[in-house]
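**Student:** Build me a structure from this.
(2 chains)
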Amino acid sequence: MGIERTYAEINARIKSGKAVVLTAEEVIGKVREQGLTKTAAEVDVVTTGTFGPMCSSGVFLNFGHSAPRMRMTRVWLNNVPAYTGVAAVDAYLGATEIPEDDPANSDFPGEFRYGGGHVIEDLVSGKRVKLKALSYGTDCYPRKEIETSITLDEINEAILFNPRNGYQNYNCAVNTSDKTIYTYMGTLKPRLGNAHYSTSGQLSPLMKDPNFATIGIGTRIFLGGGIGYVVWNGTQHFPGWLKDSEGNIVGSAGGTLAVLGDLKQMKPQWLRGTSFRGYGATLTVGLGIPIPILNEEILRFAALSDEELHAPIVDYSNNYPNRVGGNLGLVSYAQLKSGKITIDGKEVPTAPLSSYPKAREIAHTLKDWIQKGDFLLTEPVQLLPGPDAGLTGKTLEIRS
Amino acid sequence: MAPHKIVLRFDSTTSDQPIIYHLVKDYDLMVNIVKAQINPHLEGTMVLDLDGEKYEEGIDYLRRQGITVHPLNQEVVRNNDRCTSCGACTCHCPAGALYMERPSMQVHFNGDKCVVCLQCLKVCPVRAMEVRI
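**Tutor:** Predicted coordinates for the structure are as follows:
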C-alpha cells in the first residue's frame, strides 16, 4: 500500500527543518533511480513552476479618498481604463486592457506596446502611475474629476486576482495557411513554418496533479514572487485526459485556477507586461504550486516526465478560429523541447512562449522557502473538480 | 567614397535569384558579402558592402525583385533584465543569432551573427530586444 502522509505531518517536518523537498524536475530522476515506493517514503513535497502569458490576470486597487471625496465612475491608469463598477474608489485593472486611443489592429498587425499588464508591472516595480478619474458627483462624493499619480506604496490595497491562470495543458499552435498569422500563441509563419507551445511540461503545476488530489481552495502558492492562494477553479476549468488514437492516456487536458495574492508582496521579474503583435497586451505571470506527497499515487503523477506528457497540435489559421474540432496529432513535451517536431512528414521548428528556465527558478524558490520553514502547506478547504467531474466546455450559440 | 553597408532580406520566392550576378554584370557594382544565410523555410538575409557609380540603380533593382534593403547603421542588443528566456524569438531569427541552449532551455543572443533584420523586435513578447543606432 505504501506510505500515507497528512498535511499536518508534512508541516511538522517543515517546521523541524527535516522535510525532503524536490522540484518536479528533480523528482523524475529520483523515481527513475530508486523507484516509486522508496521515493514516496523519502519525499514530502514536490514543487512545480510555470512562467508564461496568462491573459486572465488583473488587480483590484483601492486608491484611498481625496478631499473632497469622489465616487469614481471612470478610471484610467497611465491612460489604460480600469473597470469601476465596484465601490467608490476601487477599480479592477485587467491585464489585456489597452488605452482607448491605441490603434489596436486598425494598422494591422498592431503592436500593443502598453496595456493593463504593463501598468501592473509598473506598479509592482514601484514606478509612479498617472491616475485620472471622472464622476457624476453625489452629495456624499461631490468631486467630479481628479488627475494625480500613485505608487503601489501610497494606495490602500492592490490585490492581484487572476480568474483563469495556470492552464493545465495547452495547444501546440501551427499555421497551415499561406500567410503569416498573429495570434495569442505568437507570430505563426505560413505553411507550418513554426510551432509554438506554452507550458513548462514536466514542471507545470496542474500537469503534476492531474486528478486535483491536492490542489484546491486555500492552497498556498508562489504567485508573482509573493505568496498567493488558489481561491476557486479557474474559468473554463475542464479537467480531463488527453488520449491518443488508441485511447491511451498521454497527458491531462484543461483544468485552470483562480488565484489571488497581495501585489505589494510581489516582484516585477515575476509579473511582466507582455505584447503579442497583431493580438493584444497581457501579463506574464510566475506561478508555483507545492504538491504534498500524501501517497504513492500522487507521486506517480508528480514524477511524470516530458516524454510522458503531450500536447495537441492545433491549426490556428482555420480550425481554431472557426471552432473546428480535432487536431493534427499529439506531440510530447520532450519532442517540443528538442526544437523540432514532424507534422505530416514535414519537420517544423518549435519554440515556447513560456520560460522553462524561469519555471525552474520558481520551483527552486518554492523549494527553498519550504526548506527554510518560511512556507507551510495548506490543506484545501475544498478540492477542485477533477477529471471525473466530467466538466466540458459549453459553446456560445448565435440566436436571433 | 566608402562602400555602403546594407542588409538584404529575402522571402522564399526571391532567395533563389542570382542577384549578385545581376548587381555585378548589369550595374557594375563591387560586392563584398559580409554575411549570408538561408533558413530551412528558404528565407534569407545577407549583409553586403556595395560600391559603384550605379549604386542607386542597383538598389532599385533589388527592391523591384521584392527584396527589402536597409542600411546597416543599427545594432540589435538584448536587454538581459527584460528577457525571460521564453524562446518566442528563436523560430524567427533568420541568422541563428537568437538560439536556445538545450537542455537548459536558456535563450542566448550572439550579436556577431545578427544581421539586423529586426524580426526579433516584432516577436519578442516582453520587448527585450532593442535597437542601438
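**Student:** Those residues of the stretch 1-150 of chain A touching chain B, which are they?
**Tutor:** A:51, A:52, A:53, A:113 (C-beta under 8 Å from any C-beta of the partner chain). (Glycine included, C-beta is placed from N, CA and C.)
**Student:** Filter those down to the buried ones, PyMOL style.
**Tutor:** Restricted to buried positions by 16 or more other C-beta atoms under 10 Å in any protein chain shown, the PyMOL selection for these reads:
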select buried, chain A and resi 51+52+53
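**Student:** Closest one of the residues of the stretch 1-150 of chain A next to chain B to residue A:12?
**Tutor:** Checking those against residue A:12 by C-beta to C-beta gives residue A:51 as the nearest, at 31.3 Å.
**Student:** so how far is residue A:288 from the closest one?
**Tutor:** 9 Å (C-beta to C-beta, to the nearest Å).
**Student:** How about residue A:216?
**Tutor:** Applying C-beta to C-beta to residue A:216 and residue A:288 gives a distance of 16 Å.
**Student:** quick one: which of the two has more around it?
**Tutor:** residue A:288 (29 against 21; other C-beta atoms under 10 Å in any protein chain shown).
**Student:** residues in contact with the more buried one?
**Tutor:** A:47, A:48, A:49, A:50, A:205, A:221, A:222, A:362, A:363, A:365, A:366 (C-beta atoms under 8 Å, 6 or more residues apart in numbering or on different chains).
**Student:** hmm, back to that, what's the overlap in contacts for residue A:51 and residue A:288?
**Tutor:** Joint contacts of residue A:51 and residue A:288 (C-beta under 8 Å, 6+ apart) are residue A:362.
**Student:** rewinding a little: redo the residues of the stretch 1-150 of chain A next to chain B as TSV? Include secondary structure.
**Tutor:** Formatted as TSV, the residues of the stretch 1-150 of chain A next to chain B follow (DSSP: H, G, I helix; E, B strand; the rest coil):
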residue	secondary structure
A:51	strand
A:52	strand
A:53	strand
A:113	coil
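**Student:** quick one: which of the residues of the stretch 1-150 of chain A next to chain B is nearest to residue A:255?
**Tutor:** Nearest to residue A:255 among those, with distances taken as C-beta to C-beta, is residue A:52, at 15.4 Å.
**Student:** Tell me the predicted confidence for the closest one.
**Tutor:** The model reports residue A:52 with a pLDDT of 98.
**Student:** contacting residues around it?
**Tutor:** Neighbour list for residue A:52: A:198, A:199, A:200, A:284, A:285, A:353, A:354, A:355, B:86 [criterion: C-beta under 8 Å, 6+ apart].
**Student:** Buried residues in the helix or strand of chain A with the lowest mean pLDDT, which are they?
**Tutor:** Lowest on mean pLDDT, DSSP states H and E among the helices and strands of chain A sits strand A:249-254, with a mean of 90. By neighbour count on 16+ other C-beta under 10 Å, the buried set for strand A:249-254 is A:250, A:251, A:252, A:253, A:254.
**Student:** now swap in stretch A:31-51 and tell me
**Tutor:** A:31, A:36, A:39-41, A:43-51.
**Student:** ok, of the buried residues of strand A:249-254, which one's closest to residue A:99?
**Tutor:** Nearest member of those to residue A:99, counting by C-beta to C-beta, is residue A:254, at 31.7 Å.
**Student:** ok, the nearest residue to the closest one once chain neighbours are set aside - contacts?
**Tutor:** Among residues not flanking residue A:254 along the chain, residue A:238 sits closest, at 4.5 Å (C-beta to C-beta, 6 or more residues apart in numbering or on different chains). Applying C-beta under 8 Å, 6+ apart to residue A:238 gives the contacts A:253, A:254, A:255, A:391, A:392, A:393.
**Student:** Please apply the same query to residue B:49.
**Tutor:** B:3, B:4, B:5, B:30, B:31, B:32, B:34.
**Student:** Just the ones of those in strands?
**Tutor:** Here DSSP state E is the test, and the contacts of residue B:49 give B:4, B:5, B:30, B:31, B:32, B:34 as lying in strands.
**Student:** restrict those residues to those near chain A?
**Tutor:** Applying C-beta under 8 Å from any C-beta to those, none is adjacent to chain A.
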